[in-house]
Each structure stands twice: as structure tokens, then as C-alpha cells.
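Student: What follows is a predicted protein model with its sequence.
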Amino acid sequence: MIEAGSFVSAAAARGFSVYSGVPCSYLTPFINYTIGSGQLRYVAAANEGDAVAIAAGAELGGCGGVAMFQNSGLGNAVNPLTSLTWTFRIPILLIVTWRGEPGGHADEPQHELMGQITPRMLELMDIPWAFFPDSEAAIAPTLDAAVASMQASQRPHALVMRKGSVADSVLGGRLREPAALQPAAASRRPASARRQDMLAAIRAADSGQDVLVATTGYMGRELYALGDRANQLYMVGSMGCAVSLALGIALAQPRRRVIAIDGDGAALMRLGALSTVGYQRPDNLVHIVIDNGQHESTGGQATVSPHVDFCAIAAACGYPRVATASEPAGLAALLAAPAAGPLFIHVPVLPGVPANLPRPVITPAEVAARLRRHLQA
């Protein structure tokens, strides 16, 4: 059994400073310590996949990222672990508990199957793993091996935590007092422009120091078609994770504006991420949802967005500023107005895709590596 502070201090010495997670009883003393620690930033995620994306964003921004959750939530993290961190080669440290370990402590029935397959799940996702250290002497070599693995592969490494690995720790941090909620913006406006027009307005507002994170599908392809830049990231897969990735970057790079360019279908898929952004309230984050009411890149199937008030949801989640823009000029004006964020903008657009839309020739791994260099410069 180890003290949580011993692991956190050793991890901090190796560059890990942003933790994001979802609670598990096995993790309780460890999470309690990280919440109250002054050495790092802890971000409570709405689900395990968001925790992976937040940690990945932090890593891109120059801070070592750790995502931690119970193995029963590993299923929620499969998508970003296979299409974000693996594809973009983003090395984060995973701490996964082993509930339902065969031959281990008796546990609830919902952990039985995942307990049997946890190591195989990690191996199937090409994630090397080792046991979380259960003695003080094992902390340094365990972390050194994990760091070496991550540096060699530029992909995640997992530490599997058994019950009783960490000594009890009193919860030292408290949730902030709820911020005053802001009224939602005016009701939905009719669309008058296309997605590409709005993307052009976003690019025009970019100072060159901003970071633009475009969600998967046509969004990233259309942004790329307008002109490839080192500060643009075109997500592939990991649908719904764009704003969580952007949140991680924003926390790691507080002096840069980070613009998450979401779609209505993607935002709906991981709507809980808005609550995390609204609580963290990074001043430098802008969250734009470009809403055409459909999953256009997969055949135009309708989403439920016409029945959803995104601005009201963002305001209720704690975004201090919410707005809507149906024309490029209006969007440009919102992006030009200096104010503390996070800012949420709902942008209704007409369906339609430019003819002969190109696909990026730069690989996702090259996009991520280029963005790291850009942020370091």
C-alpha cells in the first residue's frame, strides 16, 4: 500500500500535472488526494471517454495528462482510446481499477465480465499495462517504465490498480460555490449560410495564436480545404470529444484562445462535456456548435437538434456567455469582442458540402506533432 502523495509527487517530477477522471471506490483515496493537491489540476469528467480526451488535450498543450477511472467504464473510453490517442499518437497515462478481478475481492455482479477481460481489453487496444504500484519502492520504477513506454510509442500506457493499493486519504478539496447562471440567448434563428462560410469567419478571426479544434466528419475536412495551418487540428473518430480535447489544451495553455468547432450530432453524443466546461470555466475557451440538423457525412440522417436549445443547455451548465449567430458577420463580431470565457455560440447553418472536398493529406499523427511544436514556439 502506498500514500497517494508519494505517487503524485513522483509523477509530477516526470511532468504529469493534469488529472481527469471518474470516481471508483478503489480510486477514492487517490482521487481525494488529487482533488486537494496543490501540485496539479484535477478535472472531474462527466464520463470516462471525456477524461481521456481532456488528458490528451493537456498533453498536446505541454502538460502530462492522466486519465483515471474504474474498468467498468473502460467501455466508455474505447472510442477515444482507439481513434484519438492511438491515431494521433498522444501519450497519456491511464490508471484503471480492476473491479471483479478473477480470484480477487468479491464484487458486484456488473463487474464480473469486465473483471475477466480488463487486461485483454487493454491489449486489444494496443495499450501496454502494468500493475499500479502497491509499495513505495515500486513507484519510481513503475513510472519510469511507463514514461519510457509512452516516449517510445507516443501512445498511452496503463496502470491497473488493485483494491487497497492506496492508503486512505481525506477529501481535501471542495467544489466551488455554484456560479450565477446566465440567461440563454435569444431563441433559435433560421440558418442563412453554409458551414464553410462560418468556418471562413472563424479562420478570419484567428490571431495566429489561437488553436482551432474541428470535430470529426466534414467539419475538419472543410476547415482543411480553406487552408491548412499549424494551429488547426482535424479530429477523426472520437466523435463528441472535440470540446473535451479543447478543454485540456485550454487548461494547459491559458494564454492562448482555444476554439472548439463542434457539430450538432457530435455535441449531442457527449452533451455531459458541457457541464465540465461550465464548471472549469477557462477564460480562453470558445465552444462553437455548427448545427445543420443532420449527420451529413454519414448520409444526412437527421439529428434531434431542431428540438434542442443548445444555448439554454450551455447557460444551465455554467457557461458565463452564450450567443447565437446565423450569419458570418455576426459570428465574426462575437469572436472579435474581448471578454472572459468560456463563450458558447450556437451557429445554425444550411446543409451542403463543397464539390470535390479534399481529405487532409497530412496524417493525424503529423497534425498532433505539428500542433505541439506550434504551442511550444
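Tutor: Good, I have the coordinates.

Student: Let me know the outermost residue of this protein.
Tutor: Gly103 (34.6 Å; C-alpha atoms, centre = their mean).

Student: Give me the pLDDT for that residue.
Tutor: For Gly103, the pLDDT comes out at 92.

Student: And what about it, helix, strand or coil?
Tutor: Put simply, Gly103 is coil when judged by DSSP: H, G, I helix; E, B strand; the rest coil.

Student: do you know how far it is from Tyr42?
Tutor: To Tyr42, Gly103 is 32 Å away according to C-beta to C-beta, to the nearest Å. Using the backbone N, CA and C atoms, a C-beta is placed for each residue, glycine as well.

Student: for Ser6, same thing?
Tutor: Counting by C-beta to C-beta - Ser6 and Tyr42 are separated by 17 Å.

Student: can you give me the strands in the stretch 251-377 of the chain?
Tutor: 258-263, 285-291, 294-295, 301-302, 321-324, 343-348 (DSSP state E, counting those that start in this stretch).

Student: May I have the longest one as CSV, with CA atoms only?
Tutor: It refers to strand 285-291. Taking Å, rounded to 0.1, in the frame of the first residue of the first chain, the C-alpha atoms of strand 285-291 are listed here in CSV:
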residue,chain,number,x,y,z
LEU,A,285,-12.1,28.6,-24.4
VAL,A,286,-14.7,29.3,-27.1
HIS,A,287,-17.2,26.5,-27.9
ILE,A,288,-19.0,26.8,-31.3
VAL,A,289,-21.7,24.3,-32.3
ILE,A,290,-22.3,24.5,-36.0
ASP,A,291,-25.7,23.0,-36.4
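
Student: Sheet-wise, list the partners of that strand with their directions.
Tutor: Sheet pairing of strand 285-291 (DSSP bridges) gives strand 258-263 (parallel), strand 343-348 (parallel).

Student: What is the helix or strand of the chain with the lowest mean pLDDT packed up against?
Tutor: Least confident helix or strand, the chain: helix 28-36 with a mean of 87, by mean pLDDT, DSSP states H and E. Using 3 or more C-beta pairs under 8 Å, 6 or more residues apart in numbering; DSSP states H and E, the elements in contact with helix 28-36 are helix 4-13, strand 16-21, strand 41-44.

Student: again, 10 Å this time
Tutor: helix 4-13, strand 16-21, strand 41-44, strand 64-70, strand 93-97 (3 or more C-beta pairs under 10 Å, 6 or more residues apart in numbering; DSSP states H and E).

Student: Buried residues, that helix. List them.
Tutor: Pro29, Phe30, Ile31, Asn32, Tyr33, Thr34, Ile35 (16 or more other C-beta atoms under 10 Å).

Student: Then stretch 88-107?
Tutor: Buried-residue list, stretch 88-107, by 16+ other C-beta under 10 Å: 88-101, 107.

Student: gap between the two ends of that stretch?
Tutor: End-to-end distance for stretch 88-107: 36 Å, by C-alpha to C-alpha, to the nearest Å.

Student: switch to numbering from 53
Tutor: Taking 53 as the first residue, the last one we looked at is stretch 140-159.

Student: Pull the distance from stretch 203-215 to the chain's centre.
Tutor: On the basis of C-alpha atoms, centre = their mean, to the nearest Å, stretch 203-215 sits 18 Å off its chain's mean C-alpha point.

Student: so what's Ile147 up against?
Tutor: 59, 63, 71, 73, 76, 78-79, 82-83, 118-122, 184, 210-213, 217 (C-beta atoms under 10 Å, 6 or more residues apart in numbering).

Student: can we see that at 8 Å?
Tutor: Gly73, Leu79, Phe82, Val118, Ala119, Met120, Phe121, Phe184, Ala210, Leu211, Met213 (C-beta atoms under 8 Å, 6 or more residues apart in numbering).

Student: Now the two most distant members of those.
Tutor: Spatially, the most separated pair among those is Phe82 and Ala210, at 14.8 Å (C-beta to C-beta).

Student: Name the spans of this protein whose pLDDT lies under the cut-off.
Tutor: 223-240 (pLDDT under 70).
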